[in-house]
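**Q** would you be able to build a 3D model of this:
(chains A, B and C)
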Amino acid sequence: MDYTPREIIAAFRAGMLDKVLKSNTIWLCSSCYSCTVRCPSGIKLTDIMYELKRLAIEFGLTPKGAKAPVVAKLFVDIVNEKGRVAEVPLVSRFMLKTNPLGAFKMIPRAAKMYKRGRMPMTSHKIKGIAELEKCTGAMTEPMISGLHSGSAKERS
Amino acid sequence: MSEKIGVYICHCGLNIAKTVDCKALAEYASHLPNVTVARDYQFMCSNPGQEMIQNDIRDMGLTRVVVASCSPLMHEPTFRRAVAKAGLNPYLFQMANIREQCSWITQNRVLATERAKDIVRAAVMRVNFNEPLEVQKVAVNSNVLIVGGGITGIEAALQIADSGKKVYLVEKEPTIGGYMTRFDKTFPTLDCAACILTPKMVSVEQHENIELLTYSDVTDFSGYVGKFTAKIRKRPRYVDETKCTGCGQCEEKCPLSVPSEFDCKLGKRKAIYRPFPQAVPNVPVIDREHCLYFTKGVCRVCEKFCAHHAIDFEQKEKYVEVPVGSAILATGFDLFDATRIKEYGYGRLPNVITSIEFERLTHASGPTAGKIQLKNGKPPESVAIVHCVGSRDKNYNEHCSRVCCMYSLKTAHLVKEKTDAKVYEFYIDMRAFGKGYEEFYKRVLHEDVTFIRGRVAEITNVAQNPSEKGKLIVVAEDTLLGIVRRVPVDMVVLSVGLEPRKDAAQLAHMFGISRSKDGFFLERHPKLAPVSTASQGIYVAGSCQSPKDIPDCVAQGAAAAANVLSFADKGEIELEPTIAMINDEACSGCKICVGLCPYVAISFDESNNRAAITSVLCKGCGVCVAACPSGAIEQQNFTNKQLMTEIEAICS
Amino acid sequence: MNKAYDKSTQVVCKALDIDLAELNDWNCCGASAYMSIHEMKAHLLSARNLVLAEKEKKDLVVVCPACLTTLTKTNHYLAEESRFKRTIDAALKAADLQYRGSVKVRHLLEVIVNEVGEQEVKARIKRKLAGLKVAPYYGCQLTRPFGEIDDKEFPVILDKLLTWIGAEPVDFPLKTKCCGGLLMMTNEDVALGLNRNILDCAKQNGAECIITICPLCHMNIETYQGDVNKMFGTDFKIPTLYFTQLMGLAFGFSRKELGIDEEMISSRPLLEKHLEVIG
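**A** Down below sits the predicted model:
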């Protein structure tokens, strides 16, 4: 990681958050919660990492070539569309966006997995997708930057 | 004849005046019924302030006084004394708190002034119904009970005994001296702990005014301030103290060895043992749980070899009751159990040890005769010292244990002195606050100890590369560098924190004192009264009140002694008369109050079917007053009439 | 990817008389990805699942720790934070949904160990796993952050279950270290390094097989073992099974029934060595 969590918090306190939002640290967080359970000050650091991820995307301050925000956005699109995620649509869209050549390299592995029945090809669309949309449409996200506070439609 | 009330509004500098309009308040008060005079002044508790009240009492014949200022906890005694000096009974004085309960809880001037008016009005209406009360004087027994024979208890005992008063010093271990007996050197002077402690221990034993009860506990503590009775249980050593000369033959001949608690189970002792050679009293004790005679009915070798016939397997526990006027609790601390922090590997990984275990390793009379070595007997090539284990941590203890930074430095110094090992010290802060402490830190900095600023995340034995194989790897962020470091070492010393003793709650309950949020005994005031408690006659000193180093323990031991002596020398003390009184005619004999009294001050007279309060025991807590279904109990100076008047005045 | 987990779970639960019904029309829990973009909407996804489970009046049992964590988090916040609850309730109301807070979210492992219990599990054993040394890999989100199921750093619940079915869990200090999760897709180098440590630790401690309780862990540890070998020059070939698959084997079910045929690294030689039929 470029900046350790402690440095990120110090940057925040110094009003220099933009400096660290471009670091790779927050996108390297896999939410393993080791930090949260050990922090002697009881800081829920993992939740802070999530918040920083959302801030980075909102301000468009992600590190150059970062793949994690891409995956996250695709994931959200698929869930909003179908209600569930399947690996093939997610991975294929992701590879096309970030590394089209790499997609070719993955074909042998993909074939092997397909042969063993481990490649669900499409996402199942849930019946309650309209219901889910109604709920998310009525939801207002908490204002972070003051830029957006509206519904899903406003934000996308 | 209606009362003549004087009302005094204090500005308390700006504490009250900034938020409450004191002039308007005084003006308002002057128009309340029965108010003869209402003034406002900057500092009522000052001499001019007090004189103002006294002059008014004399000149205007005031019969009641109300001061609107700070909390009664702060200055009620001050004003009561002032009023008494002018010839008015001190209980005809009423305090109105317009600071802690008014000006300090809001910034809104309008609301604060309105609220202050309510508070003053309530006090003025109420004070009409205050009655003159007389304090009760009781004689004070000059004997002192000191619970805990560590350095703090020893200091207090010697000071008090030197002044001619009798001290009963009770210690639960077979020897006095406490934790200090197990330390090798002490910071910052690197004095040998035993060298400075043992002479004091001997003085205690030899002092004609100190009765030393070791291997004993206090099982009951009753009575009231100035006249307590302590019941002490003397556990059987199975050795007659009067006959034993401390020759040590029994220990030598005993065939059974068991792990030694004194050596943190790193070494062995016999079933008949003295914890360490300089124990005071220098009399061994038989460990009933392991002794072959007690467990299997055989052996008795010690008895055979004792030239003075001091072994007594038939010895029973003895109870003594001693009268004392006051007590000092100096029961010390427990160390944090490092197995609780699983990621540090204590108890799972060999060669992760605690600071006290390190003390025993480095001690000349310890299990390794002073050699710092790993479990396999070899000296370590590298040692890591970890700060803040179990302290400053919301998951374990939030408090800072105060001594660990300094003893960690000492540990680093000792490792450097005795081995060729590379020493790494992982710290968050370096708390070197005392006399000579910062200088000691600088000294250790120059001794080639590597300091890494970062709280240790985990200690693991899973190697990630060949240089880590077979080592303990300490993982921490080097915050000055901003990178995570993995430092492979042979031995890790965990600087564990100090906690209240496991039996602190039980002891606090027995002596009628409280504990603070962190579990240590609660002092009366953290700055102005650190060794007294809210319970008169009971004092606390040393690390049972909060973690502290030896200089502070000794200081508190002496402070407690001073408190006790001023108390004992008075010969008598005054008891607050704001106690509960039972109206015999209204008492229905239901006995509800008897079990409720936390001070066991209420007894039941079967002959006339009435409850009766022992006034010297009553602390005026009010529980029985509230509980009595017949309304037969009233509290002096808090009668129903007084309280209802206050409430009605507020609601009007 | 997790069809094998699903298959083996169904088979084992049936054998243990656990009444397992798939939650009707459940939606994705959002895992860590959705939460990285939207906070409250991510909680909404969990909230809808809780509403659906409450309708069925049953405990909500999951086999994926990510689902466990997101659902439990939402459940806890709804119970403890009033402003959070108001916001979620208002959004649910828009679709005429309501959650009363009665659902318990659990992981199947905990249900089996705590509710079904040792006797019932042992009673169904038809094959001995004689001397099979396994590394119980818990991953990061089973016991963190809440620690409700077991210790946050060194849990033993899976070790216990594995001894019940006759396997030999080895000492495995990295048992709760993260496999990287989605990082395998986005930062492959980092994730491969994490998995290398886990595989190395298992091997050093004599494990012949790694047992997982999470589909993403399973994928990273198993499917990418070859990539780990390529990057670090190692030669790991450690078969990886879901705990339900191993249980199923002990209960006498076939490889096909348990989805073991779908694996990338064959466990056949290993199991042939260690499986014995009882009586």
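**Q** go ahead and confirm residue B:596 touches residue B:626.
**A** No: between residue B:596 and residue B:626 there is no contact under CB atoms under 8 Å: 9.1 Å. C-beta here means a position set from N, CA and C on the backbone, and glycine is covered the same way.
**Q** who has more neighbours, the two?
**A** Shown here are residue B:596 and residue B:626; by other CB atoms under 10 Å in any protein chain shown, residue B:596 has more neighbours (14 against 11).
**Q** for chain A, what's the nearest residue on the stretch 551-652 of chain B?
**A** Proximity of the stretch 551-652 of chain B to chain A (CB to the nearest CB) peaks at residue B:552, 24.7 Å away.
**Q** which residues sit against the helix or strand harbouring that residue?
**A** Element membership of residue B:552 [criterion: DSSP states H and E] is helix B:550-570. For helix B:550-570, contacts defined as CB atoms under 8 Å, 6 or more residues apart in numbering or on different chains pick out B:140-142, B:144, B:150-156, B:159-160, B:163, B:165, B:180, B:186, B:325-326, B:328, B:330, B:434-435, B:530-532, B:537, B:539-543, B:545, B:548, B:573.
**Q** state the mean pLDDT of that helix.
**A** Mean pLDDT, computed over helix B:550-570, is 95.
**Q** quick check: buried residues in it?
**A** B:550, B:552-565, B:567-568 (16 or more other CB atoms under 10 Å in any protein chain shown).
**Q** and if you look at stretch B:402-417?
**A** Those would be B:402-416, for stretch B:402-417 by 16+ other CB under 10 Å.
**Q** which of those residues sits closest to chain A?
**A** Out of the buried residues of stretch B:402-417, the member with the shortest distance to chain A (by CB to the nearest CB) is residue B:404, at 14.0 Å.
**Q** with adjacent residues omitted, what lies nearest to that closest one?
**A** residue B:495 (4.3 Å; CB to CB, 6 or more residues apart in numbering or on different chains).
**Q** looking at it, that neighbour is touching residue B:392, isn't it?
**A** No: applying CB under 8 Å as the test, residue B:495 and residue B:392 come out as separate, 11.5 Å apart.
**Q** dump the residue contacts of residue C:118.
**A** Per CB under 8 Å, 6+ apart, neighbours of residue C:118: residue C:164.
**Q** where's it relative to residue B:647, distance?
**A** 63 Å (CB to CB, to the nearest Å).
**Q** for chain A, see how far away residue B:382 is.
**A** Using CB to the nearest CB, to the nearest Å, one gets 24 Å for the distance from residue B:382 to chain A.
**Q** swap in residue C:60?
**A** From residue C:60 to chain A the distance is 16 Å (CB to the nearest CB).
**Q** quick one: that residue and residue C:111, what's the gap?
**A** From residue C:60 to residue C:111 the distance is 11 Å (CB to CB).
**Q** SS state for residue A:61?
**A** coil (DSSP: H, G, I helix; E, B strand; the rest coil).
**Q** so where is chain A shaky, pLDDT-wise?
**A** For chain A, the stretches with pLDDT under 70 are A:116-121, A:123, A:143-156.
**Q** so who does residue 10 touch?
**A** In the absence of a named chain, chain A is used. Contacts of residue A:10 (CB under 8 Å, 6+ apart): none.
**Q** meant chain C, my bad for not saying
**A** Residue C:10 sits in contact with residue C:20, where contact means CB under 8 Å, 6+ apart.
**Q** tally of neighbours for the residue in the stretch 101-250 of chain C positioned nearest to chain B?
**A** Nearest residue of the stretch 101-250 of chain C to chain B (CB to the nearest CB) works out as residue C:153 at 4.3 Å. For residue C:153, the neighbour count with other CB under 10 Å is 20.
**Q** so which of the buried residues of stretch B:402-417 are in helices?
**A** Using DSSP state H, the subset of these located in helices is B:404-416.
**Q** state the distance from residue A:4 to chain C.
**A** In terms of CB to the nearest CB, residue A:4 sits 15 Å off from chain C.
**Q** so residue B:574 makes contact with residue B:137?
**A** Yes: using CB under 8 Å, residue B:574 is in contact with residue B:137, at 5.7 Å.
**Q** show the buried residues in the contacts of helix B:550-570.
**A** Buried by 16+ other CB under 10 Å: B:140-142, B:144, B:150-156, B:159-160, B:165, B:180, B:186, B:325-326, B:328, B:330, B:434, B:530-532, B:537, B:539-543, B:545, B:548, B:573, out of the contacts of helix B:550-570.
**Q** enumerate the residues of the stretch 151-279 of chain C near chain B.
**A** Counting by CB under 8 Å from any CB of the partner chain, the residues of the stretch 151-279 of chain C close to chain B are C:151, C:152, C:153, C:154, C:173, C:174, C:197, C:201, C:204.
**Q** for the third one, which non-adjacent residue is spatially closest?
**A** It refers to residue C:153. Counting by CB to CB, 6+ apart, residue C:153 lies nearest to residue B:342, which is 4.3 Å off, once chain neighbours are set aside.
**Q** now do the contacts for that neighbour.
**A** B:348, C:151, C:152, C:153, C:154.
**Q** reformat those into CSV and put secondary structure next to each item.
**A** Converted to CSV, the contacts of residue B:342 look like this (three-state DSSP):
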residue, secondary structure
B:348, coil
C:151, coil
C:152, coil
C:153, coil
C:154, coil
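**Q** which residues sit against stretch B:236-254?
**A** Here stretch B:236-254 has contacts from B:174, B:215, B:270-274, B:281-286, B:288, B:301-302, B:304-313, B:315-318, using CB under 8 Å, 6+ apart.
**Q** which ones among those residues map onto strands?
**A** B:270, B:272, B:273, B:285, B:286, B:318 (DSSP state E).
**Q** ok, the fourth one - how many residues close by?
**A** By the criterion of other CB under 10 Å, residue B:285 has 21 neighbours.
**Q** what are the phi and psi values at the nearest residue to residue B:409 once chain neighbours are set aside?
**A** Once flanking residues are discounted, residue B:409 sits nearest to residue B:444: 4.8 Å by CB to CB, 6+ apart. Backbone torsions of residue B:444, given as degrees, to the nearest 10, read phi -70, psi -30.
**Q** low-confidence ranges in the stretch 151-279 of chain C?
**A** C:278-279.
**Q** that older thread, does the residue of the stretch 101-250 of chain C closest to chain B touch residue C:177 like I think?
**A** No: taking contacts as CB under 8 Å, residue C:153 lies outside contact range of residue C:177: 10.0 Å.
**Q** does any part of the helix or strand harbouring residue A:108 sit near chain C?
**A** According to DSSP H and E, residue A:108 maps onto helix A:100-115. Yes: using CB under 8 Å from any CB, helix A:100-115 reaches chain C at A:109, A:112, A:113.
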